[in-house]
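1. My questions are about this predicted structure, shown below with the sequence.
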Amino acid sequence: SLGSNTFAAAVHSVALLQLPEVLLLVLPSSCLLFTRGKMAAVAEPIDEFEVARQLFRDQPAGFPYEGFDIEELILPEDDDMDIRSDDDDDEEEELETETGFGSVIVVDSLPVVPEDKHEKLANVLRKIYSQIGNVREGGIFMPKDANNMSKGFAFVEFATPQEAQAARTQTDGYKLDKNHTFRVSMFDDFDRYAKVPDEYETPDFKTYTPMENLHSWMQDKMGRDQFVIKYGDDVVVHWNDGRRCRADEAYKRSFWTESFVQWSPMGNMIATMHRQGVAVWGGPTFSRLMRYSHQNVQLIEFSPAERYLMSYSSIEPSNPREKVQVLLNVFDTRSGKKLRFFSGNMEDYAIGSSAGPGGALRWPIFKWAGGLEDKYFARLTKGAIKIYETPEMTQLDKKDLKLDGVQDFEWSPAEPLLAAYTQEVGDRPANITVIRIPERTIVRSKQLFNVSDVKIFWHPQGDYLAVKVDRFTKTKKSTYTGFELFSIREKDIPMDVLELPNKTEKVLSFAWEPKGHRFAIVHGESARPNVSFYSMKDEKGKLGVKHLGTLTNKACNAIHWSPSGHNIVLSGLKALNGQLEFFNVDEFEILAAVEHFMATDVEWDPTGRYVASSVTSIQQMENGFNMWSFNGKLLYTLPKDRFQQLSWRPRVPSLLPKEKEEEIKKNLKEYSKKYDEEDEALLLQADADVLQERQKQQEEWDAAAAARADYIAAIRDFYEEMYGDRAKEKEYVMETVTVEQVIDVKEEPYQS
């Protein structure tokens, strides 16, 4: 289709360029073949895409992009190019539809009231729904009949469709009273239901996809544990490879959460926080397992066996005369169904130990009973404890556990047994009461006098209960501290009293040994306190508090027992500049004294083999973490800017009976020799696997280079013929350099 002049110019150009003997000129539908002194036209059509593929061999698979699989396209890392992935929401948000009423809900099953009670009912609705979102001014409308009686339903308009969606989710099924239960729908639902076709269409059934193995991480051949860190906008799950002194990345994702991440109690799931609610993830690839809708969620708490999830949010009032509202939802973790919600003024929940400074709340508000049944949870109220049972989510026996003056309670970690503290009221002394649920039987009680404050500490196995009691002196001008120690597993629950030798010393910290009978107390001046160790039994196993020893003048403000017992870390965090002392309580000797400058947190791994110390972003410098062995040897350091969180993945509880664990400990040397050999073989195999993978990559590269050798040689020959000797010149860089040179110096007399 070229004109004659264009064609002649093309032929002339070929002659001037002195190209090789053959030239192929590709046209839209055919090609021309030139040789020196000749021209031949090839009339038949050619495959332009095949020609392009031959000329541009270095392009991605599928070039020039006709009939290729988009899955072969490799996108830049951390750039989704606006392509939705499986991790994105499956369902598009139900925003305003063509009706224009996406932010309006319909609340049905309301009381039918006369005109003089319309305003009162509207105020009740406004109070309920203002806890969830911003109700527009005049946004509540209740239709009336000819007699000015309400019709039993109302329209509520929110500022945004998202708030309307949350209101529907959270209040559908809300019991206003015993005769009225809300039935809430989106206004747009009526339009959508009206468009449902009259003829039934069989839906497409999705193929069942089995869930990933949530315990796969427990099957690691090298027995490694995982931990998660958050820094900046990134969240990374690592394998802790202590034997090779490194952290191996298992999973990484940017913008995975908007605030923090949290492992479930047995480590099967990790939860991420979002404005729309909570998501949980699990399995080898950390695929999403479930979502729980809760607008502006702030805190969460799993039940001990992970059957339930409780979420919390607070809503600041728009009017200074109004009060801060709180909302708590309880979800079934498997189905994602909301089972119950609690709402009200914050001051109604900030009672006793649940009240923080400035009227704030201490988390958790609801506390789960110990054990793996997930049967009970409870919270404080005025003069009572409200206990709820699952799965009905109703109050136990439909009545409170009455305890006048109750200020605090804690569940045993092992069973539905709670210890409650009631303060002194008039002539009635304070009391510590141990109560068994659901029978509500008091199994032990102890009166206390001249009490200033009380703290309750359960042993992690539920074997003992320690109550720290601050008492007033006779002058009421100062206090001193003592401990009431209960042996829960013994007959009639005997009790011992412990007072420090120097009663004027303040107790800064207390901690039970997780597996054993010992406990540690930090006491004295806050700058250089003492650390004392005690046992609930003597060498022969006879019950009785025994002082084991005291470490004096330690730069310590926190203590961290190993999960397996025996060892403890004494840490001087934050203001004490990160002093760490690794101590063996069995031998009563210091294993190592080290420093992690400005450290803010210390956490043991679940096995008691490794310790992580970290500096979070509350400190301006040195952000990141150090990994230590149990005896204080530094294994590796990982600095990270804007470091916010490190959390070890909990392990599933052991299925071995206690007798079998004791037998393993007794014959540990025999087991250790066997498993040390296996571990060494696994490490060698892992190194061999890495070398094999590298060799495979090298072979793939060599094969790809060999396949392009002819093409590279042709290009090289073309350059040499085109540019001659210039083609053989090495690459160079031109750089301009300025040099100063003095040409002449002439002195002249100075004239003022």
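-> Cool, the structure landed.
2. Report the buried residues of the top helix by length along the chain.
-> Secondary structure of the chain per DSSP state H: the longest helix is helix 668-707. Buried residues in helix 668-707, defined by neighbour count with 16 or more other CB atoms under 10 Å: residue 682. Just so you know, the C-beta spots here come from the backbone N, C-alpha and C atoms, and that holds for glycine as well.
3. Quick one: distance of it to the chain centre.
-> Mean C-alpha position of helix 668-707 versus that of the full chain (CA atoms, centre = their mean, to the nearest Å) differs by 32 Å.
4. Pretty sure residue 163 sits in a helix.
-> Yes: looking at residue 163 with DSSP: H, G, I helix; E, B strand; the rest coil, it is inside a helix.
5. Tell me which residues touch it, please.
-> By CB atoms under 8 Å, 6 or more residues apart in numbering, residue 163 lies in contact with 103, 132-134, 295.
6. which residue is nearest the centroid of the chain?
-> Centroid-nearest residue in the chain, with CA atoms, centre = their mean: residue 261, separated by 1.2 Å.
7. Output stretch 579-597 as PDB - backbone C-alpha positions only.
-> The C-alpha coordinates for stretch 579-597 follow below in PDB (Å, rounded to 0.1, in the frame of the first residue of the first chain):
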ATOM      1  CA  GLN A 579      19.400  -4.000  81.700                       C
ATOM      2  CA  LEU A 580      18.700  -7.700  81.400                       C
ATOM      3  CA  GLU A 581      19.800 -10.400  83.900                       C
ATOM      4  CA  PHE A 582      19.300 -14.100  83.100                       C
ATOM      5  CA  PHE A 583      19.000 -16.000  86.300                       C
ATOM      6  CA  ASN A 584      18.700 -19.800  87.100                       C
ATOM      7  CA  VAL A 585      16.500 -20.200  90.100                       C
ATOM      8  CA  ASP A 586      17.400 -23.900  90.500                       C
ATOM      9  CA  GLU A 587      21.100 -23.200  91.000                       C
ATOM     10  CA  PHE A 588      20.500 -19.700  92.200                       C
ATOM     11  CA  GLU A 589      23.100 -18.300  89.900                       C
ATOM     12  CA  ILE A 590      23.400 -15.500  87.300                       C
ATOM     13  CA  LEU A 591      23.700 -16.900  83.800                       C
ATOM     14  CA  ALA A 592      24.400 -13.600  82.100                       C
ATOM     15  CA  ALA A 593      24.100  -9.900  82.600                       C
ATOM     16  CA  VAL A 594      23.600  -8.000  79.300                       C
ATOM     17  CA  GLU A 595      22.100  -4.800  78.000                       C
ATOM     18  CA  HIS A 596      19.600  -4.000  75.300                       C
ATOM     19  CA  PHE A 597      19.700  -0.200  75.300                       C
END
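8. what does that stretch contact?
-> Against stretch 579-597 from outside (CB under 8 Å, 6+ apart): 513, 518, 520, 533, 548-549, 551, 554-556, 566-572, 577-578, 599, 602, 611, 613, 615, 622, 626, 628, 630-634.
9. and if you look at stretch 120-127?
-> With contacts defined as CB under 8 Å, 6+ apart, stretch 120-127 is touched by 107, 110-111, 113, 135, 140, 142, 150, 154, 156, 176.
10. change it to 6 Å
-> Contacting residues not belonging to stretch 120-127 are listed as 113, 135, 140 [CB atoms under 6 Å, 6 or more residues apart in numbering].
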